[in-house]
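*Asks:* curious how this folds, go ahead:
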Amino acid sequence: MRPMAIGASITVRDFPPTIPENETLQNWILRPMDEDDPSDEISQIEARLEELAEIAERCRKIMLVSKLAIAAGAGLMLVTVLGLLGSNQVAALGSIAAVLGGIVSLGSNASTLRQTMAAISEAEALRSDLIGRIDLRVVGDEMRKRI
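*Replies:* Predicted coordinates:
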């Protein structure tokens, strides 16, 4: 698998990105840039933030589907136990599989979402710090000095 370029969009084939063994996902996301220009670094961080936001949204959607699978599995199990479908063993096994699969998927994506939100917070803090370092001028002051 090829390494991700900074600012490149992530596709299913590219996910998960190739991360060096000695680096965590969070450190890879927030690794220092080689550029000296803070505005370039800020735009790269913003691109990373957009990617992280997409990952967080995907996790939320999968978590919703997982909750629906748990609810559907539990409902099917209840219907099977009450005998409304007869004694259908396939339905019972399917309901158990749906509940267990939903639980696993929900837990996995909840963990990924927590890590992604932590990375987003760190990236936003880094972006704020970089913006704070930029020597900004107030445009109105120059106009007053010229008059």
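
*Asks:* remind me which residues of the chain are low pLDDT?
*Replies:* 1-37, 141-147 (pLDDT under 70).

*Asks:* so where do the helices sit in it?
*Replies:* 25-29, 38-82, 89-133, 139-146 (DSSP state H).

*Asks:* now Leu113. Nearest residue, chain neighbours left out?
*Replies:* Cys59 (4.1 Å; C-beta to C-beta, 6 or more residues apart in numbering). For every residue, glycine as well, the C-beta is placed using N, CA and C.

*Asks:* burial measure for Ala98, as a count.
*Replies:* 21 (other C-beta atoms under 10 Å).

*Asks:* and what of Gly73?
*Replies:* 20.

*Asks:* do the same with Leu126
*Replies:* The burial count for Leu126: 18, using other C-beta under 10 Å.

*Asks:* separation between it and Ser39?
*Replies:* 14 Å (C-beta to C-beta, to the nearest Å).

*Asks:* and for stretch 79-92, what are the contacting residues?
*Replies:* Leu76, Met77, Ser95 (C-beta atoms under 8 Å, 6 or more residues apart in numbering).
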